[in-house]
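> Just a sequence and a predicted model for now, questions to come.
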Amino acid sequence: MCSINHAKKAIFIHVPKTAGTFCKDNLEKYYGFKYYQIRRPDHDEIVNTKSYINKIIENYTEGNKIYYLLEYFKHTPHNRNVGIYEYASTSDYLNAKVNMDDAKWKSYYKFSFVRNPYERFISGYSYSINHINRNINFEEYINSKEYVTDFEYFHTFMPQSKHIFSNENNICDFIGNFHNLEDDLKQILLNIGFKEDEITHDHHIKNKSTHDSLHYYIKTQEILNKLNNILEDDFRLLKMKKIENLNEL
């Protein structure tokens with residue numbers, strides 16, 4: 001879940017549901033980055049969790065599309081305890097695979113993108129349930145934190161800051177914003193040594209704004225309060241605005 005360009009000494013950390021696929025595709029297509037999503041051999045010991053995904057798989061049989069999708073998720077780095085930076089940077093196995101070491105993790109220019117926490121959670125919820133064909137409404141979902149798959153947790157309940165902070169310290173040299181995506185990506189490319197006339201990439205095609213539908217999902221003060229509790233780390237560490245009262249929506 002990182003893209004690395006050793007020539008430019010730069011690392012992109014792909015926080016889920018922040019236009020990371022757009023970034024990693026363009027970085028690989030135009031700017032010499034290579035994308036990695038590798039599961040550690042010691043994954044189960046590091047994340048210290050027994051994935052609920054195994055219980056869900058029992059409800060499907062081989063030959064079912066969902067079965068194979070869930071089997072795939074079992075072999076990815078998705079988890080509910082460890083963010084991307086910590087997961088990748090502390091593994092000798094992964095570092096050997098991607099030609100990294102402690103010195104490079106410290107010295108390379110690291111960048112990522114973040115998003116309004118409410119929008120990201122809603123986007124992650126829609127993305128997750130569509131991928132594994134779950135029939136669960138939003139209010140039920142925010143109360144199912146202990147029962148979602150690792151794949152779902154990684155895209156929703158795990159804070160964005162978990163991926164790019166270590167001991168509550170920001171490890172990135174630049175954190176871009178989803179709503180200023182192309183301008184921030186251009187600035188990052190300039191910062192790592194690309195010239196103005198070398199910067200050309202596909203444009204980001206936005207879906208219907210999740211922000212416009214906040215009121216559709218956050219219908220009651222109780223839902224808002226629960227979301228604020230779930231998203232507290234991002235409000236605090238990323239200095240994002242928390243909405244205290246439903247009327248503010």
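Sure thing, it's come through. These numbers were taken from a predicted model, which means no experiment stands behind them.
> List the strands paired with the longest strand that the chain contains, with their directions.
What stands out as the longest strand in the chain, according to DSSP state E, is strand 109-114. Applying DSSP bridges, strand 109-114 is found paired with strand 10-13 (parallel), strand 174-177 (parallel).
> looking at those, which is buried most?
strand 10-13 (a mean of 26; mean count of other C-beta atoms under 10 Å). For the C-beta atoms, the positions are set from N, CA and C on the backbone; glycine is no exception.
> Residues touching that one, excluding its own?
Residues external to strand 10-13 that are found in contact with it (C-beta atoms under 8 Å, 6 or more residues apart in numbering): 1-5, 23-24, 27, 33, 84-85, 105, 108-112, 163-164, 172, 192.
> related to what we said a few turns ago, could you point out which element follows the longest strand of the chain?
Later in the chain than strand 109-114, the nearest helix or strand by DSSP states H and E is helix 117-132.
> distance between that next one and the chain's centre?
Distance of helix 117-132 from the chain centroid (C-alpha atoms, centre = their mean, to the nearest Å) equals 11 Å.
> Next, the angle from it to strand 109-114.
Here helix 117-132 runs at an angle of 80 degrees relative to strand 109-114 (axes from the mean of the first three to the mean of the last three C-alpha atoms, to 10 degrees).
> what mean pLDDT would you report for helix 117-132?
For helix 117-132, mean pLDDT is 91.
> May I have the secondary structure class of K17?
coil (DSSP: H, G, I helix; E, B strand; the rest coil).
> mind checking how far it is from S3?
Going from K17 to S3 by C-beta to C-beta, to the nearest Å gives 17 Å.
> Please apply the same query to V98.
10 Å.
> cool, and D184?
In terms of C-beta to C-beta, D184 sits 15 Å off from S3.
> Between those two, which is the more surrounded one?
S3 (23 against 18; other C-beta atoms under 10 Å).
> beta partners for the more buried one?
Counting by DSSP bridges, S3 is bridged to F12, Y35.
> Now do the same contact list for it.
S3 touches I11, F12, H14, C23, K24, L27, E28, F33, K34, Y35, Y36, counting by C-beta under 8 Å, 6+ apart.
> could I get these as TSV with distance to S144?
Below are these laid out as TSV (distance: C-beta to C-beta, whole Å):
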residue	distance to S144
I11	33
F12	31
H14	25
C23	30
K24	29
L27	34
E28	35
F33	36
K34	36
Y35	30
Y36	30
